[in-house]
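Undergrad: any chance you can model this:
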Amino acid sequence: MSPATVASWMLGPLLGLMTLLFIFRIVLTWYPQVDLNRFPYNLVAWPTEPFLIPVRKVVPPIGGVDISPIIWVGIVTLLRELLVGQQGLLRLVG
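TA: Residues are numbered from 1 along each chain as shown. From the prediction side, this is the model:
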């Protein structure tokens, strides 16, 4: 196996998991009373919060709605497609 294939096998599921976590984070923004420091919500909040903090500084909430998870879903999905998609860079190299 080439290093590009191994990287593709590792990055694909990782980026898919991050997309899923950000989607869960979008759903959690609909329920502001949820305490993100309590189980099971912290399983979604802890891995995503470091990514969301810088985006919140640049893009303020629109109409009281935090759109930073939506931005990250787009970024992670684009990265996944560019790197490990059917015509992704890691597929073409490996």
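Undergrad: so where is the chain shaky, pLDDT-wise?
TA: For the chain, no stretch has pLDDT under 70.
Undergrad: again, only using 80
TA: Under the criterion pLDDT under 80, the flagged ranges of the chain are 1, 94.
Undergrad: all helices of it, in order?
TA: 3-29, 42-58, 68-84, 89-93 (DSSP state H).
Undergrad: which of the ones you listed sits closest to residue 36?
TA: Among those, helix 42-58 comes nearest to residue 36, with 3.9 Å by C-beta to C-beta. (Each C-beta comes from the backbone N, C-alpha and C, glycine too.)
Undergrad: other residues contacting the closest one?
TA: Contacts to helix 42-58, defined as C-beta atoms under 8 Å, 6 or more residues apart in numbering, come from residues 18, 21-22, 24-25, 28, 36-37, 66, 68-69, 71-72.
Undergrad: same thing with stretch 69-83?
TA: Contact with stretch 69-83 is made by 8, 11-12, 15-16, 18-19, 22-23, 25-26, 29, 48, 51-52, 55, 59, 88-90, as judged by C-beta under 8 Å, 6+ apart.
Undergrad: could you find the closest non-adjacent residue to residue 61?
TA: residue 67 (7.0 Å; C-beta to C-beta, 6 or more residues apart in numbering).
Undergrad: does the one you found touch residue 22 like I think?
TA: No - using C-beta atoms under 8 Å, residue 67 is not in contact with residue 22, being 11.5 Å away.
Undergrad: more crowded one of these two?
TA: Using other C-beta atoms under 10 Å as the criterion, residue 67 and residue 22 rank with residue 22 on top: 24 against 16.
Undergrad: which residues sit in contact with that one?
TA: Listed by C-beta under 8 Å, 6+ apart, the contact set of residue 22 reads 48, 69, 72-73, 76.
Undergrad: ok, so of those residues, who is nearest residue 3?
TA: residue 76 (22.2 Å).
Undergrad: before we move on, the earlier item: of the contacts of helix 42-58, keep whichever come out buried.
TA: The neighbour-count criterion (16 or more other C-beta atoms under 10 Å) marks 18, 21-22, 24-25, 28, 66, 68-69, 71-72 among those as buried.
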